[in-house]
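Can you look at this prediction? I've put the sequence above it.
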Amino acid sequence: MKIWMLTAVAVSLAGCAGINEAMTKYGDTDPVTYRIDGSTWRIFDQPENGRMMITTGVGTAGATGAKQGVTFGLANNPYETGAAYQPAATAYLAPRGCKITGGHLVLPMQYEFEYAC
């Protein structure tokens, strides 16, 4: 029982850390709606810092969240790795001649990329 409680606390704190990171870095950044290949993305771009946070569109986020909830988190969430976000992020940056240099998951459904132009 104690292991379950410690795991729940760790997961909760990790979520808080991700929310704090997103709000601290991107709280004042207006998102851009970006559509590519039939998918909608929200991009919080900060060219002055060479970074961007990308999230799925509201519809995809809602559907994925509902699927996770109904299956108690057992359903596959394709938005837990950078591979799900990178094609859209790369296409968004390409017209400016920018390339992704790194990245990490901020929260499920939110990924941050660093880039250079």
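Structure's in. What do you need? Numbers count the residues shown, from 1 in each chain.

Below-threshold pLDDT in the chain: ranges please.
Under the criterion of pLDDT under 70, the regions of the chain flagged as low confidence span 1-20, 22-23, 57-79.

Quick one: the strands in it, in order.
For the chain, applying DSSP state E gives strands covering 32-36, 39-46, 51-56, 99-107, 110-116.

Pick the most buried one from those strands.
Mean neighbour counts were taken over the strands of the chain using mean count of other CB atoms under 10 Å, and the top value, a mean of 23, falls to strand 51-56. Where you see a C-beta, it was placed from the backbone N, CA and C, and this is true even at glycine.

elements contacting it?
Packed against strand 51-56, as judged by 3 or more CB pairs under 8 Å, 6 or more residues apart in numbering; DSSP states H and E, are the following elements: helix 2-26, strand 39-46, helix 82-93, strand 110-116.

Show me what the third one packs onto, helices and strands only.
So that's helix 82-93. strand 32-36, strand 39-46, strand 51-56, strand 99-107, strand 110-116.

What is the neighbour count of L93?
When neighbours are defined as other CB atoms under 10 Å, L93 has 20 of them.

Report the contact partners of G103.
Residues in contact with G103 (CB atoms under 8 Å, 6 or more residues apart in numbering) are G82, Y85, Q86, A89, Y111, E112, F113, E114.

ok, now E21?
Neighbour list for E21: V106 [criterion: CB under 8 Å, 6+ apart].

Same check on F113?
With contacts defined as CB under 8 Å, 6+ apart, the neighbours of F113 are R51, M52, M53, I54, G82, Y85, Q86, A89, I100, G102, G103.

Leaving out sequence neighbours, find the closest residue to it.
Spatially, and ignoring its direct neighbours in sequence, F113 is nearest to G103 (4.0 Å; CB to CB, 6 or more residues apart in numbering).

Can you give me the distance of that neighbour to A84?
As defined by CB to CB, to the nearest Å, G103 lies at a distance of 11 Å from A84.

Quickly list what's touching both of those two.
With the criterion set as CB under 8 Å, 6+ apart, the overlap between the contacts of G103 and A84 is Y111.

got JSON lines for the contacts of G103, with distance to F44 too?
Written out in JSON lines, the entries for the contacts of G103 read as follows (distance: CB to CB, whole Å):
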{"residue": "G82", "distance to F44": "16"}
{"residue": "Y85", "distance to F44": "12"}
{"residue": "Q86", "distance to F44": "16"}
{"residue": "A89", "distance to F44": "11"}
{"residue": "Y111", "distance to F44": "11"}
{"residue": "E112", "distance to F44": "9"}
{"residue": "F113", "distance to F44": "11"}
{"residue": "E114", "distance to F44": "13"}
